[in-house]
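Trainee: can you look at this prediction? I've put the sequence above it.
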Amino acid sequence: MEELKIPKKWKMAIIVWIAIVPLIFSIMPICKPKLLELGVNPILTELVLTTLLVLIMVFVAQPILIKLFRNWLNR
């Protein structure tokens with residue numbers, strides 16, 4: 001049976017950064033003005049968008065990146 005290796009924290013930090021930066025630079029400029037234009041409270045807008053970013057990162061972007069970088073993460 002193959003032993004499961006836990007990736008180093010600094011490598012996971014890089015994966016998180018690679019996942020979150022494009023999401024922040026794409027979702028925030030598109031969605032934030034639209035929510036504010038609809039009259040949503042600025043604090044609520046930030047909370048909603050931050051929650052959306054975290055969910056997309058954790059359930060979509062990060063699993064994809066972990067598969068792509070699997071060999072590097074397990075070295």
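Mentor: Nice, I can see it. Source: prediction; values computed, not measured. Numbers count the residues shown, from 1 in each chain.
Trainee: which of the three states applies to the residue positioned nearest the centre of the chain?
Mentor: Closest to where the C-alpha atoms of the chain average out (Cα atoms, centre = their mean) is residue 57, at 2.7 Å. Here residue 57 is recorded as helix under DSSP: H, G, I helix; E, B strand; the rest coil.
Trainee: which ones are touching it?
Mentor: 16, 19, 20, 23 (Cβ atoms under 8 Å, 6 or more residues apart in numbering). Where you see a C-beta, it was placed from the backbone N, CA and C, and this is true even at glycine.
Trainee: now do 7 Å
Mentor: By Cβ atoms under 7 Å, 6 or more residues apart in numbering, the contact list for residue 57 reads 19, 20, 23.
Trainee: kindly report the same for residue 18.
Mentor: residue 65.
Trainee: what residues sit buried inside the helix of greatest length in the chain?
Mentor: In the chain, assigned by DSSP state H, the helix with the most residues is helix 9-37. For helix 9-37, the neighbour count (16 or more other Cβ atoms under 10 Å) marks 14, 15, 19, 20, 23, 28, 32, 35 as buried.
Trainee: stretch 60-75: end-to-end distance?
Mentor: Taking Cα to Cα, to the nearest Å, stretch 60-75 runs 23 Å from one end to the other.
Trainee: how about stretch 53-61?
Mentor: 10 Å.
Trainee: show the average pLDDT along that stretch.
Mentor: With pLDDT averaged residue by residue, stretch 53-61 scores 95.
Trainee: go through it and flag the buried ones.
Mentor: 53, 57, 61.
Trainee: try stretch 68-75
Mentor: Across stretch 68-75, burial judged by 16+ other Cβ under 10 Å covers 69, 73.
Trainee: and that stretch, end to end?
Mentor: With Cα to Cα applied, stretch 68-75 spans 14 Å between its terminal residues.
Trainee: please state the offset of that stretch from the chain centre?
Mentor: 18 Å (Cα atoms, centre = their mean, to the nearest Å).
Trainee: which residues touch that stretch?
Mentor: Residues contacting stretch 68-75 (Cβ under 7 Å, 6+ apart): 5, 7, 11, 15, 66.
Trainee: can you do 8 Å?
Mentor: In contact with stretch 68-75 (Cβ under 8 Å, 6+ apart) are residues 5, 7, 11, 12, 15, 66.
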